[in-house]
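Peer 1: Let me see the structure of the following:
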Amino acid sequence: MNKTGIRDFFHSKRSLEEFRKFLTESHSIKYGSKDLGDFQTPNHLTDKICNLLADKGVRPDIILEPTCGQGNFVVSALKSFPSVKYIYCVDIQRKYEPSFKLNILKYSLERDINARIELHYDNIFTHRFSEEFVQYLEAPNSEILILGNPPWVTSSELSVLNSTNLPIKSNIKRWRGIEALTGKSNFDIAEFIILQMLKQFSSKRGKLAMLCKTSVIRNIVRDMLKLSLTISNLEALLIDARKEFNINADGALFLADLGSGQLATCTVSSLYNPKQKIKKFGWVDDKFVSDIELYQKYEHLDGQSPFEWRQGVKHDASKVMVLYVNTSGILTNGFAEVIDVEEDRIYPFIKGSELRKPVVMNASKKIIITQTSLRENTDYIAMKYPKLWRYLTSHSAYLDRRKSEIYQRRPRFSLFGIGEYSFKPYKVAISGLYKSPNFSLILPIDGKPAMLDDTCYYLSFNDLNVAIFTWTLLNSQIVKNFLNSIAFLDAKRPYTKDVLMRVNIAKVAEQTSFNEVLNFYGRYLAHYLEEKIEEKDYRDFQDSLKLTTSHPVH
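Peer 2: Purely as a prediction, here's the structure:
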């Protein structure tokens, strides 16, 4: 073994020449690649992580770095774990080989390296570990540390970039039908790598310590029981990803002990202050929650909504389907074309960004609605609304190339997220994208029910009183607290249908007096409406909720 510990430091004459060229010529390696989700971990961060692990008593015999890059984690590990015997490194990008070797060589000039280092440039998704690695791993009482910073990119983002840096395409979470089509089968590459490591090594003694997005950690904790992962003592140590990597994402160091299972919960703290615990999330019985302590105060509200939450309209063709209204009432589309079509199929349109007010009574945009149900044949438009048909066919090239699979084998110019519920006059809606759970009451606009975009979730009603009472209850503090205990605010959409369907409105109504409802109504709505709400109507509403709790209204 040479001074650096790297097996076959120069595995060929070409390798020697490339290293010499790297040292002698002016060069500029482009570190980081969107295609590969590549963010090289700075030295100060790798040092901090390895020192933290050493302070926790981690003493690995073997270190596995599945995405080693320039080797910053390897150098930090050599500093923090002097007793390590064997380091196994893999990376898909051979361009890092000279800088990796140089980093190790420079370190070897300062301190002796007693560990054997094995380096492979290969795809970790298909890589076969060497016999030597297996021998070290199977040695009695050996402990492994799986360390690193896998790519921060999703499978769908790589597909858009036509990348080859993908595992064999699979629905790894086993989503079925429409769930897979509408995005649940998308996954982070880091998540796939971490799961692959856990499946291969979770029966061994040791620890996993990997940087990733917090959403990856959440998904692993959520699915660890389903995937039969034998890991325990889970921690998420938050980092400032903007400061460390200059990226806008929520990230953390994920820690897990290998070799034994326990309750699927994860403690959250900061990497910069690890002793101060922020919260714990995970499973409470059969419920997955974002804050266990807060949830335990409001878990009586966790149940089944008596009303069906719906997602807004998806069309994937805003330049054609969304219309703008100028001060003269003239309609234009996203191509700045003046639009003259029949009014019947045009509806007020509200985007999630407009749901900041408690009551919505106007809309700055309109939308073309081609169907009243998902499978309705759109051929009727040609006969009944010829101007609209001419408009749609004139933009058929734009509409027909919509990529989502949900439009395949469906009528031409189809929408998604449409049904009889869309045309009810009163709606209670929330933006799925914002961190604060604010619910808006949406009243008819110009005599028509408003449509919402697909970042919104809503309930729809024919009865105004039922809409008002529901809107009031959902805006109560106890509902907001409950939602904060189950929703993950670092998610792209903290509030989804799955989350909202857990609010047992009947239980909320039991705890909310008519005076509280009246006060909220008086504050936000009374000056818009002539009608007054009555206590008898509220009692009838409470009674109806009790009857429908076990049989949700659709």
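Peer 1: Now stretch 290-299: average pLDDT?
Peer 2: The average pLDDT within stretch 290-299 is 98.
Peer 1: ugh, wrong one, I meant stretch 509-527
Peer 2: Stretch 509-527 comes out at a mean pLDDT of 95.
Peer 1: Would you work out how far apart the start and end of that stretch are?
Peer 2: Stretch 509-527 has an end-to-end distance of 24 Å (criterion: CA to CA, to the nearest Å).
Peer 1: Can you list the buried residues in the helix or strand where residue 281 lies?
Peer 2: Using DSSP states H and E, residue 281 sits in strand 273-284. Of the residues in strand 273-284, 274, 280, 281, 282, 283, 284 count as buried by neighbour count, 16 or more other CB atoms under 10 Å. Glycine gets a C-beta too; all of them are placed from N, C-alpha and C.
Peer 1: pretty sure the fifth one is touching residue 264, no?
Peer 2: Which is residue 283. Yes - counting by CB atoms under 8 Å, residue 283 does reach residue 264; the two are 4.5 Å apart.
Peer 1: mind checking how far the residue nearest to residue 123 when sequence neighbours are not counted is from residue 124?
Peer 2: Leaving aside its chain neighbours, residue 123 sits nearest to residue 92 (5.3 Å; criterion: CB to CB, 6 or more residues apart in numbering). Residue 92 sits 7 Å away from residue 124, taking CB to CB, to the nearest Å as the criterion.
Peer 1: pretty sure residue 63 belongs to a strand, no?
Peer 2: Yes - assessed by DSSP: H, G, I helix; E, B strand; the rest coil, residue 63 belongs to a strand.
Peer 1: any chance of the buried residues of strand 273-284 in JSON lines, with distance to residue 305 too?
Peer 2: Converted to JSON lines, the buried residues of strand 273-284 look like this (distance: CB to CB, whole Å):
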{"residue": "274", "distance to residue 305": "39"}
{"residue": "280", "distance to residue 305": "26"}
{"residue": "281", "distance to residue 305": "22"}
{"residue": "282", "distance to residue 305": "23"}
{"residue": "283", "distance to residue 305": "21"}
{"residue": "284", "distance to residue 305": "19"}
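Peer 1: Out of those, which comes closest to residue 246?
Peer 2: residue 274 (23.4 Å; CB to CB).
Peer 1: Looks like that closest one contacts residue 236 (just checking).
Peer 2: No - applying CB under 8 Å as the test, residue 274 and residue 236 come out as separate, 10.7 Å apart.
Peer 1: List of residues touching the strand holding residue 281?
Peer 2: Contacts to strand 273-284, defined as CB atoms under 8 Å, 6 or more residues apart in numbering, come from residues 52, 218, 221-222, 225, 234, 237-238, 263-270, 288-296, 299, 488.
Peer 1: mind listing the helices for the stretch 451-554 of the chain?
Peer 2: Ranges of helices in the stretch 451-554 of the chain, per DSSP state H, counting those that start in this stretch, are 464-474, 477-486, 497-500, 505-510, 514-524, 535-548.
Peer 1: Highest mean neighbour count out of those?
Peer 2: Across the helices of the stretch 451-554 of the chain, averaging neighbours per residue (mean count of other CB atoms under 10 Å) puts helix 464-474 on top, at a mean of 23.
Peer 1: So for that helix, mean pLDDT?
Peer 2: Here the average pLDDT along helix 464-474 is 97.
Peer 1: Next: stretch 531-545.
Peer 2: pLDDT averaged over stretch 531-545 gives 94.
Peer 1: Renumber starting at 6 from here on
Peer 2: Will do, 6 is the new start, and the previous item becomes stretch 536-550.
Peer 1: hmm, which helix or strand of the chain has the shakiest average pLDDT?
Peer 2: None of the helices or strands of the chain scores lower by mean pLDDT, DSSP states H and E than helix 182-184, at a mean of 43.
Peer 1: Following it in sequence, what is the next regular element?
Peer 2: Scanning onward from helix 182-184 (DSSP H and E), the first element met is helix 194-206.
Peer 1: Please parse the chain into its domains.
Peer 2: For the chain, automatic domain parsing gives the domain ranges 18-28+36-229, 315-553.
Peer 1: Check the gap between the residue nearest to residue 128 and residue 237 for me.
Peer 2: Taking CB to CB, one finds residue 97 at 31 Å from residue 237.
Peer 1: Between these two, which has more neighbouring residues?
Peer 2: residue 97 (20 against 17; other CB atoms under 10 Å).
Peer 1: Surely that one touches residue 132?
Peer 2: No - judged on CB under 8 Å, residue 97 makes no contact with residue 132 at a distance of 9.3 Å.
Peer 1: Quick check: residue 474 touching residue 543?
Peer 2: Yes - counting by CB under 8 Å, residue 543 is a contact partner of residue 474 at 6.1 Å.
Peer 1: Report the set of residues contacting both of those two.
Peer 2: By CB under 8 Å, 6+ apart, residue 474 and residue 543 have these common neighbours: residue 522.
Peer 1: Just list the residues touching the residue lying closest to residue 442 once chain neighbours are set aside, thanks.
Peer 2: Nearest residue to residue 442 in three dimensions, chain neighbours excluded: residue 488, at 4.5 Å (CB to CB, 6+ apart). Contacts for residue 488 (CB under 8 Å, 6+ apart) come out as 442, 500, 504, 508.
Peer 1: Same check on residue 510?
Peer 2: Listed by CB under 8 Å, 6+ apart, the contact partners of residue 510 are 310, 311, 312, 475, 478, 479, 550.
Peer 1: For stretch 544-551, what is the distance to the chain centroid?
Peer 2: How far stretch 544-551 lies from its chain's middle: 36 Å, per CA atoms, centre = their mean, to the nearest Å.
Peer 1: export it as CSV, just CAs?
Peer 2: Provided in CSV are the C-alpha atoms of stretch 544-551 (Å, rounded to 0.1, in the frame of the first residue of the first chain):
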residue,chain,number,x,y,z
ARG,A,544,-77.2,23.5,15.7
ASP,A,545,-78.7,21.8,12.7
PHE,A,546,-75.2,22.0,11.1
GLN,A,547,-73.6,20.4,14.1
ASP,A,548,-76.2,17.6,14.1
SER,A,549,-75.7,16.9,10.4
LEU,A,550,-72.0,16.6,11.0
LYS,A,551,-72.5,13.9,13.6
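Peer 1: This completes my enquiry, with thanks.
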